[in-house]
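Chemist: Build me a model:
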Amino acid sequence: MFFRAKPNMLNNAGMKIFRYEDEAIKYLEEYTGHEMASECIRKTKKGKITRSYHSDWYVLGKLTKMEA
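Modeler: Next comes the predicted model:
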């Protein structure tokens, strides 16, 4: 699996493909100068706390998973 980092939404300037997710996230942080949260803590209906390790870069559409 590969990860596409696309710092500019309107064009492909600066777009790169990475083998590992953490490399792509590090590149986006360096390119844009912004850090995004990569952990989300949620409470379930029964009161249990769950943790999800999903970067906010996915929500913004700047990081996508690609099948090889």
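Chemist: contacts, neighbours, all on C-alpha from now
Modeler: Fine.
Chemist: ok, the spatially most central residue of the chain to Ala13 distance?
Modeler: Centroid-nearest residue in the chain, with C-alpha atoms, centre = their mean: Trp57, separated by 3.4 Å. In this view, Trp57 and Ala13 are 17 Å apart by C-alpha to C-alpha, to the nearest Å.
Chemist: Please apply the same query to His54.
Modeler: 25 Å.
Chemist: ditto for Lys6
Modeler: Relative to Ala13, and taking C-alpha to C-alpha, Lys6 is found at 8 Å.
Chemist: what do those two both touch?
Modeler: Contact criterion C-alpha atoms under 8 Å, 6 or more residues apart in numbering; residues shared by Lys6 and Ala13: none found.
Chemist: ok, these two, which is more surrounded?
Modeler: More neighbours surround Lys6 than the other of Lys6 and Ala13, with 23 against 10 (other C-alpha atoms under 10 Å).
Chemist: All the strands of the protein, residue numbers only.
Modeler: 2-5, 16-18, 40-43, 49-52, 63-66 (DSSP state E).
Chemist: quick one: buried residues of the second one?
Modeler: For strand 16-18, the neighbour count (16 or more other C-alpha atoms under 10 Å) marks Ile17, Phe18 as buried.
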